[in-house]
Structures are given as structure tokens and as C-alpha cells.
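Visitor: Fold the following.
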Amino acid sequence: MSARRSSNQQSAGLLLFRQRPGGTEVLLGHPGGPIWSKKDEGAWTIPKGLIAADETPLAAARREFAEETGYRPQGKAVSLGEARQPGGKVVHVWAVEDDWDASELRSNSFEMEWPPKSGRRQPFPELDRAAWFTLGEAHVRILTGQARFLDRLEKVIGNRRRLERTPP
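Guide: Predicted structure coming up:
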């Protein structure tokens, strides 16, 4: 969601996840600004943004996550592939197992005219809040075009658990 220009209009992001006794949880961000302020279900997003012409998709995903949250995840990035969004943009996502206190959110901002046609430009955070959700809750909260990444994460976690239980 960065204002950086991209030569291909593709985005990249990181889907942070952690294991809890109740199951897997994922970190989602709620878009900032007045358009999203009263929306909840179907409005949350994977922290992501445009890929600059001079960077790899994974480097963009790491940069965007840091810009939008103020945190730099430390875990290994596992590709969840790409998906074309309803608006036509292609998004690349990596899963990273890490834990972070979402109350420490420090998002960069964007500027827009608000109220519309007022001539007044105001800054708004790219993400106004972040929260951990179980996979079931995340499916309700996440933007429709990004839900497939939750399904892909579940497969990756399931495959990893099977490998951990397989004797050498």
C-alpha cells in the first residue's frame, strides 16, 4: 500500500503466523483512513505494498511489512504463491512464523483529500490497527481476494506437521 511507483503494479506481503494452544493465529492489519473506518468483516488485509522496480518481491514484502507495522519479522519466509485480486493486481505472499505484540503498531501514512471535494488533504495511517486472529476468524475478517493465502498457509502447516511426525 506504499506510494512507491512500481513498473508492474504487483504487490508483495508477509503473513505472520504463530502457534497457540487453540491453533494457528495470523496477524492482519486494518486499513487506515475514513473509507475503511467503519468496516470490519471482509476489510482486514495482509500487510503488503507495491514492488519497486529495483527490488525482488520478497524484499518488497519485508520492506512493506516493516513500513506498515514498524516491526521486522525474523523467521524464515515460506512462499504462499501469488493471486490475482478482484481489482486485477497480482499479490505475492510469504508466510513467516514469528510473534509480535500488535499493540506496538507503528504504521507509515498516506495523504488524501478528506472530506471529498473539500480541498483539504489529511494524513492517515496505512494500517490503523493490527490484530491476531485464529484462521477461522481471519477468514471472516480478511479481504475476499486474500483468503486463499490463509488456505495455502493451512496446507503448509499441515505438511510441516506431517514431516515432523515422520520417523527418519
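
Visitor: where do the helices sit along the protein?
Guide: In chain order, the chain shows helices spanning 57-69, 135-141, 147-165, with DSSP state H as the criterion.

Visitor: so which of those helices is the most packed in?
Guide: Mean neighbours per residue, mean count of other C-beta atoms under 10 Å, is largest over these for helix 57-69, with a mean of 21. In this view, the C-beta of every residue, glycine as well, is placed from N, C-alpha and C.

Visitor: Tell me where the model's unsure across this protein.
Guide: The model of the chain has pLDDT under 70 over residues 1-8, 160-168.

Visitor: Go through it and flag its longest strand.
Guide: Across the chain, the strand with the greatest residue count (assigned by DSSP state E) is strand 10-20.

Visitor: Gly88: what's it in contact with?
Guide: Residues in contact with Gly88, defined by C-beta atoms under 8 Å, 6 or more residues apart in numbering, are absent; none qualify.

Visitor: do the same with Thr45
Guide: Applying C-beta under 8 Å, 6+ apart to Thr45 gives the contacts 1, 13, 28-31, 127, 142-143, 146.

Visitor: since we're on the closest residue to Ser109 other than its chain neighbours, how many residues are nearby?
Guide: With sequence-adjacent residues excluded and distances taken as C-beta to C-beta, 6 or more residues apart in numbering, Ser109 is closest to Pro123, at 4.5 Å. Taking other C-beta atoms under 10 Å as the neighbour definition, Pro123 ends up with a count of 12.

Visitor: ok, back up a step: what's the longest strand of the chain packed up against?
Guide: For strand 10-20, the contact count by 3 or more C-beta pairs under 8 Å, 6 or more residues apart in numbering; DSSP states H and E identifies strand 23-31, strand 48-50, helix 57-69, strand 77-84, strand 90-97, helix 147-165 as packing neighbours.
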